[in-house]
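Student: Need a 3D model of the following:
(chains A and B, ligands or ions: 1)
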Amino acid sequence: MSGASDQRSSTARALRDHLAGAAPFAETDVRPDGEVVVRVPPDKAVAAAEALAGFQPHPLNYLSCVSGVDRPDEDQIEVVYTVHSLPGPAKASLRVRVDRKAERPSLPSLVQVWPAADYHEREVYDLLGVWFEGHPDLRRILLAETFEGHPLRKDFVQNRPPRRRVTREDYQP
Amino acid sequence: MELKRRCGRGDLPCARPEGMRLVEKPGDHSIPKESPLRRVLPGVFIANLQQLLNWGRKNSLWYMTFGIACCAIEMMATGASRWDLDRFGSFFRASPRQADFMFISGTVNEKMAEAVKLLYDQMAEPKWVLAMGACACTGGPFAGSYNVVDGVDKIIPVDVYVPGCPPRPEALLDGLLQLQRLVGREGLEFVPRGTAAGAGEGGGRS
Ligand code: SF4
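Tutor: Numbers count the residues shown, from 1 in each chain, chains lettered A, B, ... in the order given. Below you'll find the model as predicted:
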């Protein structure tokens, strides 16, 4: 085993031990590449995020991506926060699930822990319709404000409103 | 049209618009012998104003710095030194007020459509639009998708369509030459777009 991967797996183990103390409710899992998968219920998401951000000596302070995954077979939407550490090799993905059948599936926003989550959460809201409680400015980001529905949900195509053709009249000054 | 004829002054080759007459040799029967014009020969052009205006316009078509999607990369390549749109008198202008025409270079989605329409409205008449690529012509690979305008002619009038995904620079140059031909045929009397003659089927005025 090379030194780099040694360091990655020892960091991953240290992170898992850290989480066992700081966030005992979290379900953790280490993947072969050293990524620690952290699954938490929605009401514990902020606490888990703070535990990740407080990991020493490699605080997970760099949020590189927030993805939304629609899982219609499990009736859930999973939001995945991929975080890295700028000072060291630690990386983790924080996964929170929410019931997709709810009228307004909502999760706590993690903007207070990772400010970079701002635009990413807006994107997940825009495309999958997950409402982030406590987000400072939750609006659509990619689609027009007038758009109806959330197009990345797997059932969007069956449920979408009849398509209205855009015509020149829509864009008169 | 570039002519190989010589101007009266020195050896400079001169460009002259189609239909213009170059009065250069005695015995040229377009000007009567007794006309005072004869006294300032050579170096006098006689043309009608419409042709002169169109000639000027079509050889200085400035386009707007505005790229939307992947086609914009190809447009930039066409503008850069290898294919060099400049040699046709076309330059990027950074403001819609200074632009004569606009390449719609890419996928226009419904949110972008408002910006496209706004920029088009800000351009001074006369103005032309060249739709570049399958997306701008018809929606291309994204036709019928939830957020894409199926062809920019749904929102603004288009004069020249250049198909391709993306069109090669050569195709775009050909599109520009077609646009020049179109501009060369403009009438002097000016009909703004969106009014009776210009509105409707998305075609040009000619
Ligand atoms: S026509 Fe092709 S290259 Fe051009 S914007 Fe559309 S997808 Fe991109």
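Student: Where do the strands of chain B begin and end?
Tutor: Assigned by DSSP state E, the strands in chain B fall at B:2-6, B:13-15, B:21-23, B:44-46, B:63-64, B:92-93, B:101-105, B:128-132, B:160-162.
Student: A:D170 touches B:E114, doesn't it?
Tutor: No - the criterion here is C-beta atoms under 8 Å, and A:D170 misses it with B:E114 at 9.1 Å. Any C-beta I mention is one placed from the backbone N, CA and C, and that applies to glycine too.
Student: Need phi/psi at residue 91.
Tutor: I went with chain A, as the question did not name one. Backbone torsions of A:K91, given as degrees, to the nearest 10, read phi -150, psi 150.
Student: try the one 4 residues further on
Tutor: With angles defined as degrees, to the nearest 10, A:R95 sits at phi -120, psi 130.
Student: for A:S93, same thing?
Tutor: Main-chain dihedrals, A:S93, degrees, to the nearest 10: phi -130, psi 120.
Student: Then A:S64?
Tutor: Dihedral angles for A:S64 - degrees, to the nearest 10 - are phi -90, psi -20.
Student: separation between it and A:A116?
Tutor: 8 Å (C-beta to C-beta, to the nearest Å).
Student: Same check on B:A69?
Tutor: Taking C-beta to C-beta, one finds B:A69 at 25 Å from A:A116.
Student: Return the member of the strands of chain B having the minimum mean pLDDT.
Tutor: Set side by side, the strands of chain B give their lowest mean pLDDT on strand B:2-6, at a mean of 44.
Student: In CSV, could you pull the C-alpha coordinates for the helix or strand of chain A with the lowest mean pLDDT?
Tutor: Sorting the helices and strands of chain A by mean pLDDT, DSSP states H and E puts helix A:156-159 at the bottom, at a mean of 80. C-alpha atoms of helix A:156-159 as CSV (Å, rounded to 0.1, in the frame of the first residue of the first chain):
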residue,chain,number,x,y,z
PHE,A,156,-42.1,14.8,-13.8
VAL,A,157,-42.8,13.6,-17.3
GLN,A,158,-46.0,11.8,-16.4
ASN,A,159,-47.2,14.6,-14.1
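Student: Is chain B within reach of that helix?
Tutor: Yes - using C-beta under 8 Å from any C-beta of the partner chain, we find that helix A:156-159 touches chain B at A:F156.
Student: Can you name the residues in contact with that helix?
Tutor: Residues outside helix A:156-159 that contact it (C-beta atoms under 8 Å, 6 or more residues apart in numbering or on different chains) are A:G149, A:H150, B:Y146.
Student: and with 7 Å instead?
Tutor: Residues outside helix A:156-159 that contact it (C-beta atoms under 7 Å, 6 or more residues apart in numbering or on different chains) are A:G149, A:H150.
Student: Likewise for stretch A:58-67?
Tutor: A:11, A:52-53, A:79-90, A:92, A:114, A:116-117, A:120-121, A:124.
Student: and the longest helix seen in chain A, what's its mean pLDDT?
Tutor: As assigned by DSSP state H, the longest helix anywhere in chain A is helix A:3-22. Averaged over helix A:3-22, pLDDT sits at 86.
Student: Of all the residues in it, which ones are buried?
Tutor: Across helix A:3-22, burial judged by 16 or more other C-beta atoms under 10 Å in any protein chain shown covers A:R8, A:S9, A:T11, A:A12, A:A14, A:L15, A:R16, A:H18, A:L19.
Student: near the ligand at all, stretch B:151-169?
Tutor: Yes - counting by C-beta under 6 Å from any ligand atom, the ligand has neighbours in stretch B:151-169: B:C165, B:P166.
Student: related to what we said a few turns ago, overlap in contacts, A:D170 and B:E114.
Tutor: Counting by C-beta under 7 Å, 6+ apart, nothing touches both A:D170 and B:E114.
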